[in-house]
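# give me the fold of what follows.
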Amino acid sequence: MSDRERSSGAGRLMTGVAWAVLLLGLWLWGREVTDVRHGISAPATGDVAAVGRPWGVELPPAHKPLGQARPQRVDIPAMGVQAPVVTSGLDGQGAIEPPPYDQAGVVGWYAAGAQPGAAGTALFVGHVDTETRPAVFYKLSSVRPGDTVRVIRDDGTVAEFTVDDVQVIARDRFDAQQAYGPRKSGRAELRLVTCGGTFDRASGSYTANVVVSAYLTGSGR
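Residues are numbered from 1 along each chain as shown. All right, here's what the predicted structure looks like:
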């Protein structure tokens, strides 16, 4: 879910089909936590394009993981985003449910996974666009290592994350462990995920996923 292809100038609907490969990857990732169902093997590891890596960027040390608390809002200053967070579960097919299509400014948090700021990898998903306008993660591919992501939690604390990696992963070469697995054991990490690449009219879906990785580097109130 990166910037939309603009050859026609028309808006594009983020249909359920556009989420298909992303959801398969999320199902595989989530299954390691919830053991929802069996019998589907992960796609083979494929080509990964680095949108931004810390070339010459000095990143701060990791902060000790925080206690458990649920997210209420996510702020991403580099994108100009301040978005409410809603919980997302798994649907009847074992795939994570994205935010409602009529709430383009909302971010979904996979509630069966880690809580943001606590040890483990917390997962946020959001739409890139709607039929008529950009959505909450429209500019996600523009984020760079060193950028800050703040998650306001329901205990009054703010978990402050620093971006350390941005990837665009082709949907036909998607590897859930590569995308969502921890970068370093014992850290509190965060993944921001949306669709990317170009919009394939034939399939009604995007050709890739944008995956932003961040890790906890501070906290406040």
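# now do the contacts for I152.
P71, Q72, R73, V74, D75, V158 (Cβ atoms under 8 Å, 6 or more residues apart in numbering). No exception for glycine: its C-beta is placed from N, CA and C like everyone else's.
# and stretch 147-155, how far from the chain's centre?
14 Å (Cα atoms, centre = their mean, to the nearest Å).
# over to stretch 184-196?
For stretch 184-196, the distance to the chain centre is 7 Å (Cα atoms, centre = their mean).
# quick one: average pLDDT of it?
What stretch 184-196 shows for mean pLDDT is 92.
# quick check: M79 touching K139?
Yes. M79 is within contact range of K139, at 4.5 Å (criterion: Cβ atoms under 8 Å).
# from the contacts of I152, list the buried ones, please.
Those of the contacts of I152 that meet the buried threshold are P71, R73, V74, D75, V158, by 16 or more other Cβ atoms under 10 Å.
# so what strands line up beside the host helix or strand of the third one?
According to DSSP states H and E, V74 maps onto strand 71-76. In its sheet, strand 71-76 lies beside strand 81-88 (antiparallel), strand 148-153 (antiparallel), with partners assigned from DSSP bridges.
# possible to save the ones you listed as a markdown table with mean pLDDT?
Formatted as a markdown table, the strands paired with strand 71-76 follow (pLDDT from 0 to 100):
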| stretch | mean pLDDT |
| --- | --- |
| strand 81-88 | 95 |
| strand 148-153 | 98 |
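# highest mean neighbour count out of those?
Of the strands paired with strand 71-76, the one with the most neighbours on average (mean count of other Cβ atoms under 10 Å) is strand 148-153, at a mean of 22.
# got the angle for the lengthiest strand in the chain vs strand 148-153?
For the chain, the strand that runs over the most residues, judged by DSSP state E, is strand 205-220. Orientation check (axes from the mean of the first three to the mean of the last three Cα atoms, to 10 degrees): strand 205-220 against strand 148-153 gives 70 degrees.
# could you dump strand 205-220 to CSV, C-alpha only?
Extracted as CSV, the C-alpha positions of strand 205-220 are listed here (Å, rounded to 0.1, in the frame of the first residue of the first chain):
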residue,chain,number,x,y,z
SER,A,205,-5.0,-5.8,-6.0
TYR,A,206,-1.6,-4.1,-5.3
THR,A,207,1.6,-5.9,-6.3
ALA,A,208,3.5,-5.6,-3.0
ASN,A,209,3.3,-4.8,0.7
VAL,A,210,5.1,-2.0,2.6
VAL,A,211,6.4,-3.1,5.9
VAL,A,212,8.0,-0.6,8.3
SER,A,213,9.9,-2.0,11.3
ALA,A,214,10.5,0.1,14.4
TYR,A,215,11.8,-0.7,18.0
LEU,A,216,11.1,0.9,21.3
THR,A,217,13.6,3.6,22.2
GLY,A,218,11.8,5.7,24.9
SER,A,219,8.7,6.3,26.9
GLY,A,220,6.8,9.2,28.4
